[in-house]
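Asks: Only the shape, not the letters, is given here:
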RNA sequence: GCCCCAGUAGCUCAGGGGAUAGAGCAACGGCCUCCGGAGCCGUGAGCGCAGGUUCGAUUCCUGCCUGGGGCACCA
């Protein structure tokens, strides 16, 4: 059990003994570190409710507090705050138990969920740009976070590979190369094994045809027809789709691998294409939910207590072709069959209405019954300095691969400046530059709260000092260096003994908070809780490092204790950075 | 028009109903015979406006202002 939980229970019992709700016993880290380590504010609210004097109640709580924990001091302050400080021996005891366990004190979840994180979601017609950055790294981080917290988790890329964009790309290629066999309805195959396009071709074609469909209704009509034909199994289109799919996935696997994003499932909208027709049929005939409207099939999802307009969810267009909503419902149906009980959609906040509609249909139809958690984990837009979605100077989107190169180059430059790295092999320097560049990029993005839009700032992603990923990596690297030197000198970590230095005590107190921080991050599904804490751990370590010269310490017990504390710090930092998707170099 | 998100220091952002609202960057000033200075210590400056709930509001509620976004045959 973590220290805060332990203290909260003790104070809860004491409050109960004093005749009020044990919830008042919640103990939190002190906001006034110079006064105490922990605080409990429950006496104020509880006294108010019970019509009693807060300070009297607080005193009664202190009187009935058991002697389970050795307190160094317990005070009532101001109107009735309880200030709590435990003994140094007790801190050491807790730190030791963290060091002894294999999960750094992180508990097991109750209930344990089978979670699927739906993130990344690249459209197969485009190479990835900065807009995909957040979906990828927030999703990756949440996937890892839930895993660290003890849940069963799978990440699904959920590619956009069965909708209108495919129809558009089909007719765009037909406009360019109408002689290809894919477009000949009478052709019986076999179709060429070689793809007629590369991903760069698709990326170039896509904006052109999107604009074409917008300005020329006739083109849009053809794209819709092609989408319909594809979804209804037209052989040439399917063969072409397969090529589009292959070139996209090949490139995307490279991009995601470079980003350090790992999917367990490479599924997409097309994965459920066989389920679409039966699903719509079921919603019409069995569930009595879907109805025809202007030729389309829709589900009305408005509810009597709605305070806002709620448009119906479209299952098919008036030509019978399927949409994003249909594949999302079918995908959810499959996920529930596969017994996932928590589905996290890490998708741009602008799709909030879509998910509200889909979730309503899922509930009403029983596709996803109540116990299955459905959550849209919305994130904000990456904006330019003008407050609108980020564009490069040329007005285009910044490709993700280019962004990665920029940050890697910046990291390499920084490495060139550092004399210490000059004798590293080129290969290692390259690896470090990539790790550091990505560390800066990921930390910079993840440290923003996920729901807020933020301003894209290249300087922030290429600065390696202060509150940045590289600062954390550097802290971990320094620790590794100390532990290496210690091992070389035959020194080993030993039992953690009571801290005597303020910075040492501060570091222990910080490390002890890990379990609560993980819980909090899971609760709000927000990686920035982790970045905030990771930075605090790193700064507390730096302070400790400045104040306590570990390798030169003369008392062997103290030195062994410090080595253990340093080792624990490294484990905690590695755990946090790994959860954020940030790698720690051996040296840098 | 309706709905969602946001407004906190010069800039970029944190902030869980509690005491004196925090970081980073930028500016200025210190540390540096010592485990890696991508470091440590210090200085200045702030909750959009108006109400409400509460012993206590940056936090919860209402209204307004400002910015971004969404509102059935795109995803």
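Replies: On my side now, so go ahead. On a predicted model such as this, the values are computed, not experimentally measured, just so you know.
Asks: and residue A:551, helix, strand or coil?
Replies: coil (DSSP: H, G, I helix; E, B strand; the rest coil).
Asks: my bad, should have said residue A:490
Replies: Applying three-state DSSP to residue A:490 yields a three-state assignment of coil.
Asks: Next one, pLDDT for it please.
Replies: Residue A:490 is assigned a pLDDT of 95 by the prediction.
Asks: Flag every residue of the stretch 201-350 of chain A that's near RNA strand B.
Replies: The stretch 201-350 of chain A has residues A:220, A:224, A:227, A:269, A:293-296, A:298, A:307-309, A:311-312, A:314, A:316-319, A:323-324, A:349-350 near RNA strand B, with proximity defined as CB under 7 Å from any atom of the strand. Where C-beta positions appear, they are placed from N, C-alpha and C, glycine not excepted.
Asks: among the residues you listed, which are in strands?
Replies: When these are checked against strands using DSSP state E, the ones located there are A:293, A:296, A:298, A:314, A:316.
Asks: Where does the residue of chain A most remote from its centre fall, secondary structure wise?
Replies: Among the C-alpha atoms of chain A, the one farthest from their average position, using CA atoms, centre = their mean, is that of residue A:186, at 48.5 Å. Mapping residue A:186 onto the secondary structure by DSSP states H and E places it in no helix or strand at all.
Asks: most surrounded residue in the ones in strands among the residues of the stretch 201-350 of chain A next to RNA strand B?
Replies: For those, the largest number of neighbours (other CB atoms under 10 Å) sits with residue A:316, at 22 neighbours.
Asks: wouldn't that residue be in contact with residue A:296 here?
Replies: Yes - here residue A:316 reaches residue A:296: they are 5.9 Å apart, a contact under CB atoms under 8 Å.
Asks: Derive a ChimeraX selection command for the buried subset of the residues of the stretch 201-350 of chain A next to RNA strand B.
Replies: Here is the ChimeraX command that selects the buried residues among these (16 or more other CB atoms under 10 Å):
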select /A:220,224,227,269,296,298,312,314,316,317,323,324
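Asks: Next one: the residue farthest from the centre of chain A relative to residue A:235, how far apart?
Replies: Summarising the geometry, the distance separating residue A:186 from residue A:235, computed by CB to CB, to the nearest Å, is 11 Å.
Asks: what are the phi and psi angles of residue A:547?
Replies: Per-residue torsions, residue A:547: phi -80, psi -30 (degrees, to the nearest 10).
Asks: and it, how many neighbours?
Replies: The burial count for residue A:547: 13, using other CB under 10 Å.
Asks: swap in the one 5 residues further on?
Replies: Other residues near residue A:552 number 7, with proximity taken as other CB under 10 Å.
Asks: For the nearest residue to residue A:42 once chain neighbours are set aside, give me its contacts.
Replies: With CB to CB, 6 or more residues apart in numbering as the criterion, residue A:42 has its nearest non-adjacent residue at 2.9 Å, and that residue is residue A:24. Listed by CB atoms under 8 Å, 6 or more residues apart in numbering, the contact partners of residue A:24 are A:11, A:12, A:15, A:40, A:42, A:43, A:45, A:46.
Asks: Among these, which are located in helices?
Replies: A:11, A:12, A:15, A:42, A:43, A:45, A:46 (DSSP state H).
Asks: I figured the fourth one hits residue A:15, correct?
Replies: Yes - checked against CB under 8 Å, the pair residue A:42 and residue A:15 is within contact range at 6.2 Å.
Asks: between these two, what contacts are shared?
Replies: With CB under 8 Å, 6+ apart applied, the overlap between the contact sets of residue A:42 and residue A:15 consists of A:23, A:24, A:25.
Asks: May I have the predicted confidence score for the last one?
Replies: So that's residue A:25. Taken from the predicted model, the pLDDT recorded for residue A:25 is 93.
Asks: that older thread, how much space between the residue farthest from the centre of chain A and RNA strand B?
Replies: Going from residue A:186 to RNA strand B by CB to the nearest atom of the strand, to the nearest Å gives 27 Å.
Asks: Is the residue of the stretch 451-588 of chain A found nearest RNA strand B in a helix, a strand, or coil?
Replies: Using CB to the nearest atom of the strand, the point where the stretch 451-588 of chain A gets nearest to RNA strand B is residue A:466, with a distance of 1.9 Å. For residue A:466, the secondary-structure state derived from three-state DSSP is coil.
Asks: Tally up the residues packed near it, please.
Replies: 9.
Asks: So the helix or strand hosting residue A:141, near RNA strand B or not?
Replies: Under DSSP H and E, the secondary-structure element containing residue A:141 is helix A:131-148. No - Helix A:131-148 is not in contact with RNA strand B by CB under 7 Å from any atom of the strand; minimum separation 11.1 Å.
Asks: On the C-terminal side of that helix, identify the next helix or strand.
Replies: Proceeding N to C from helix A:131-148, the next assigned helix or strand is strand A:152-156, under DSSP H and E.
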